[in-house]
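Asker: no sequence on this one, just coordinates:
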């Protein structure tokens, strides 16, 4: 179980594919990309009960749960 830092509202979680964290309002996902990965090699799909991220045709994240998106995803 991750330790919650009440002062920052930050819950870090490192994974094989990258890391994610959340605060009381948002969830952030960072995916490790191989050197030379082009934007066209990354596919992301978001739906009310599905989140999927693929890199160069390989699925790195797939979540099939009840997910609530207040706003659309933002890519940076």
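Answerer: Great, that's in hand. From a predicted model like this one, the values you see are computed outputs, not experimental measurements.
Asker: what residue lies at the spatial centre of the protein?
Answerer: Centroid-nearest residue in the chain: residue 29, 2.9 Å away (criterion: CA atoms, centre = their mean).
Asker: for the strand or helix carrying that residue, give the mean pLDDT please.
Answerer: Here residue 29 is covered by strand 27-31, with elements defined by DSSP states H and E. Taken as a whole, strand 27-31 carries a mean pLDDT of 86.
Asker: where does this structure have low pLDDT?
Answerer: Low-confidence segments of the chain (pLDDT under 70): 1-11, 66-76.
Asker: and the strands in it?
Answerer: 13-14, 18-22, 27-31, 42-47, 50-55, 58-63 (DSSP state E).
Asker: quick one: strands adjacent to the first one?
Answerer: Strand 13-14 sits in its sheet next to strand 18-22 (antiparallel), going by DSSP bridges.
Asker: tell me what angle the strand it pairs with forms with strand 58-63.
Answerer: With axes from the mean of the first three to the mean of the last three CA atoms, to 10 degrees defining the directions, strand 18-22 sits at 20 degrees from strand 58-63.
Asker: how far out from the middle of the chain is strand 18-22?
Answerer: Per CA atoms, centre = their mean, to the nearest Å, the displacement of strand 18-22 from the mean C-alpha position of its chain is 6 Å.
Asker: who touches it?
Answerer: 10-13, 27-32, 60 (CB atoms under 8 Å, 6 or more residues apart in numbering). For the C-beta atoms, the positions are set from N, CA and C on the backbone; glycine is no exception.
Asker: what do you get if the cut-off is 7 Å, keeping everything else the same?
Answerer: With contacts defined as CB atoms under 7 Å, 6 or more residues apart in numbering, strand 18-22 is touched by 10-13, 27-32.
Asker: turn these into JSON lines, including distance to residue 64.
Answerer: Below are those laid out as JSON lines (distance: CB to CB, whole Å):
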{"residue": "10", "distance to residue 64": "26"}
{"residue": "11", "distance to residue 64": "22"}
{"residue": "12", "distance to residue 64": "24"}
{"residue": "13", "distance to residue 64": "19"}
{"residue": "27", "distance to residue 64": "16"}
{"residue": "28", "distance to residue 64": "20"}
{"residue": "29", "distance to residue 64": "16"}
{"residue": "30", "distance to residue 64": "21"}
{"residue": "31", "distance to residue 64": "18"}
{"residue": "32", "distance to residue 64": "22"}
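Asker: thank you kindly, that will do.
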